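In: Everything below, folded, please.
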Amino acid sequence: MISIDEAINLVKSKSKPLFKETVLPIEKSGGYLLSKNVSSPIDMPPFRQSAMDGYALHLHEDLTYTLIGEVKAGDGHQPIINKGEAVRIFTGAAVPDTANAVIMQEKVIINGAELVIENPLSEHHNIRAIGEQVKKGDLALSKDTKLTPAAIGYLASLGISKVTVYKKPSIALITTGNELIEAGQALSHGKIYESNSKMLQNALYNLKFYDIHFYKVEDDYVKTLSALNEVILENDLVIISGGISVGDYDFVGKALQELQVEEHFYTVKQKPGKPLFFGTKNDTLIFALPGNPAASLTCFYIYVYIALQKMMNKTDVELPKVKAKSTNAFTRFGDRPQFLKAIYNHGEVTILEGQSSAMLQTFALSNALVFVPENVSKIEINDTVDVIQLPN
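Out: A predicted model of the protein is given here:
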């Protein structure tokens, strides 16, 4: 049995960036990292652009101008504007080449075809220059940039429809247990509804990982061995739920050993989630999580999350941690460090009732985990504690 820090460091050291590439439409690239620099195919803006609704002027010494027409956004014509003349113009419209300033509509007085401005303007006032945002051929976004909604919008504005990104890992999600049945079936004596795969699937979806393959394996050694061999060959990451303990019908550990999976650790000094396995075979990472739902999800956030971030070549690989004041007291029993389901809010955290590794009801209300180290047995009200913030 190893410590939490040792287990985390092993996951970090054994999890490597995939560096596999794929080309995606930009509307489906959210959350991915660019694997190549992106150069702008155009100047942006591609023409001199009005920064506001107002009037485009050909400046002269007087404050009075003659209004001769208008230019709307999308118009392609180029009216000739002589000194002392102006045209009505709208935000985003192309400023005629013969205009050299734009004044906002609130700062003019209109008398028929006569326009009077309050004060003299400088050249280029309220005009977005060609290539002001980025010039054709210049770097638009650099390699390893995360594609956020803003980044996708920016690339779309440059006329870019596809991007080359780091491929996200293919993930196998395996559940074991003869006692498990699907929701919608009659719940006979001795059976329970399977929840871990739905829970872990949505935890992965929430992190923008969608290439997931699902497997249900009976408590049978040969079937377990066959399924694990298949998924390890075909996926970058294998997550196994249940079957890793030492019961008579827990076959996962034995099967992994026969498949020559290199074990990096098995069992961690923590609560919940002591029976946790992490290993590798070739380039595939394998996690065998405890079957108890709350323990399984805790291990996912503390360990599998890190592996996923490392595989995507990210630098911030752990969930964010903050200090907070506890609003209630808690006594830890036993000698293992503990992750407690909790609600964090503006510098305060409330440790919830119902910390059993088998109970999800409390986890369903949580947005954080309070970490209680080995040398702390009791938390008092207003004590400062370590809080791990869970993904939204």
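In: per-domain residue ranges of this protein.
Out: Per the record, the chain has its domains at 4-19+168-311, 21-43+139-166, 49-128, 321-389, by automatic domain parsing.
In: Can you say which of those domains is packed in most?
Out: For the domains of the chain, average neighbour numbers computed from mean count of other C-beta atoms under 10 Å are highest in domain 4-19+168-311, which has a mean of 18. In this view, the C-beta of every residue, glycine as well, is placed from N, C-alpha and C.
In: what are the C-alpha coordinates of stretch 93-100, in CSV please?
Out: Output in CSV follows, covering the C-alpha atoms of stretch 93-100 (Å, rounded to 0.1, in the frame of the first residue of the first chain):
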residue,chain,number,x,y,z
ALA,A,93,-19.2,48.5,-42.7
ALA,A,94,-16.3,49.1,-45.1
VAL,A,95,-15.0,52.7,-44.8
PRO,A,96,-14.6,54.3,-48.3
ASP,A,97,-11.0,54.8,-49.3
THR,A,98,-11.6,58.5,-49.6
ALA,A,99,-12.9,58.9,-46.0
ASN,A,100,-10.3,59.3,-43.3
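In: List of residues touching that stretch?
Out: The contact list for stretch 93-100 (C-beta atoms under 8 Å, 6 or more residues apart in numbering) reads 47-50, 56-59, 71-76, 78-82, 86-87, 89, 102, 123-124, 127.
In: Report the mean confidence score over it.
Out: Averaging pLDDT along stretch 93-100 yields 97.
In: quick one, phi psi at A288?
Out: Reported as degrees, to the nearest 10, the phi and psi values for A288 are phi -110, psi 110.
In: ok, so what distance separates it from G84?
Out: 80 Å (C-beta to C-beta, to the nearest Å).
In: Please enumerate the helices of the stretch 51-200 of the chain.
Out: Along the stretch 51-200 of the chain, the stretches classed as helices by DSSP state H, counting those that start in this stretch are 149-157, 196-206.
In: any idea which of those helices scores lowest on pLDDT?
Out: Among the helices of the stretch 51-200 of the chain, helix 196-206 scores lowest, at a mean of 92.
In: can I get the CA coordinates of that helix in CSV?
Out: What follows is helix 196-206 as a C-alpha-only set of coordinates in CSV (Å, rounded to 0.1, in the frame of the first residue of the first chain):
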residue,chain,number,x,y,z
ASN,A,196,-20.9,3.4,-12.2
SER,A,197,-20.7,3.4,-16.0
LYS,A,198,-23.3,6.1,-16.3
MET,A,199,-21.5,8.1,-13.6
LEU,A,200,-18.1,7.8,-15.1
GLN,A,201,-19.4,8.3,-18.6
ASN,A,202,-20.8,11.6,-17.6
ALA,A,203,-17.7,12.6,-15.7
LEU,A,204,-15.8,12.0,-18.9
TYR,A,205,-18.4,13.9,-21.0
ASN,A,206,-18.2,16.8,-18.6
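In: for the following helix or strand past it, the distance to its chain's centre please.
Out: Per DSSP states H and E, the first helix or strand lying C-terminal to helix 196-206 is strand 212-217. Offset of strand 212-217 from its chain centre (C-alpha atoms, centre = their mean, to the nearest Å): 24 Å.
In: relative to helix 196-206, how tilted is strand 212-217?
Out: 170 degrees (axes from the mean of the first three to the mean of the last three C-alpha atoms, to 10 degrees).
In: neighbouring contacts of the longest helix that the chain contains?
Out: The longest helix of the chain (DSSP state H) is helix 221-234. Outside helix 221-234, the residues within contact range by C-beta under 8 Å, 6+ apart are 170, 172, 174, 176, 213, 215, 217-218, 238, 240, 243, 251-252, 254-256, 258-259, 261, 281, 284, 286.
In: Recalculate using a threshold of 6 Å.
Out: Residues from elsewhere that reach helix 221-234 (C-beta atoms under 6 Å, 6 or more residues apart in numbering): 172, 215, 217, 238, 251, 255, 259, 281, 284.
In: Please apply the same query to stretch 254-266.
Out: Contacts of stretch 254-266 (C-beta under 6 Å, 6+ apart): 2, 7, 10, 14, 224-225, 228-229, 277-281, 286.
In: Looking at those residues, spot the one nearest P320.
Out: Closest approach to P320 among the contacts of stretch 254-266 (C-beta to C-beta): A7, at 19.4 Å.
In: which ones are touching that closest one?
Out: 265, 268.
In: Check which element follows the helix or strand it falls within along the chain.
Out: Secondary structure assigned from DSSP H and E places A7 in helix 4-14. Using DSSP H and E, the helix or strand that follows helix 4-14 in sequence is strand 21-25.
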